[in-house]
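K.L.:
below are the sequence and a predicted model; questions follow.
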Amino acid sequence: MKLIKVAFLLVILGFQSCQKDKQIENTNENLVEESVDSSENEEFEMYEMSEMAALMEQMYVDNQRLKDRIINGDTVGKFPQHFVKIHKAVMTDEHDKDAFFDEQAQKFIQAQEMIYKDPKNVKEHFNKGVDACIQCHQVKCSGPIPRIKKLYIK
């Protein structure tokens, strides 16, 4: 008699665990269906850099390499002509291109040119170029300032 009760109890527990597994399975299927449905409704948009953002990224890389050459006592080479595109490159927000930006861009270009014209004071001119970047970014777009500060030659 005890054996029949134990067997009956095991059968009931087995059915209950199957029911819980089915509930979990159904819940997981619903979650997957919901995530697929929501992703079908949302269109993925790839971020595209503006001309100015891409130019500034390139200028950062160029200045990082220049900094390394200055620290190592290597020759600085020639002024990168693509830097002057700063005056014409299309910005993310065209409203940011104003008299203040133009003035700061000119200061940046002048400081950069002095690096190549006056190699005796290369460190000073390089840091003035970094200063020009920071002064503009303090007003226009402060996000890259911590990264730009890493360019300073101490």
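P.N.:
It's in. Numbering: from 1, shown residues only.
K.L.:
flag the shaky bits of the chain, pLDDT-wise.
P.N.:
Within the chain, the stretches falling below the threshold (pLDDT under 70) are 1-42.
K.L.:
show me it divided up by domain.
P.N.:
Listed by automatic domain parsing, the domain ranges of the chain are 1-45, 51-149.
K.L.:
which residues of this structure fall in helices?
P.N.:
In chain order, the chain shows helices spanning 2-41, 51-72, 99-117, 122-139, 145-149, with DSSP state H as the criterion.
K.L.:
and the residue nearest the centre of this structure?
P.N.:
For the chain, the residue lying nearest the average C-alpha position, counting by Cα atoms, centre = their mean, turns out to be residue 144 (9.2 Å).
K.L.:
residues touching that residue, list them.
P.N.:
Residue 144 makes contact with 56, 60, 137 under the criterion Cβ atoms under 8 Å, 6 or more residues apart in numbering. C-beta here means a position set from N, CA and C on the backbone, and glycine is covered the same way.
K.L.:
could you redo the last one with a cut-off of 6 Å?
P.N.:
Applying Cβ atoms under 6 Å, 6 or more residues apart in numbering, one finds that residue 144 lies in contact with residue 137.
K.L.:
now do residue 56
P.N.:
By Cβ under 6 Å, 6+ apart, no residues touch residue 56.
K.L.:
which of the domains of the chain sits most buried?
P.N.:
Greatest average neighbour count among those goes to domain 51-149 (a mean of 15), per mean count of other Cβ atoms under 10 Å.
K.L.:
mind checking how far that domain is from the chain centre?
P.N.:
18 Å (Cα atoms, centre = their mean, to the nearest Å).
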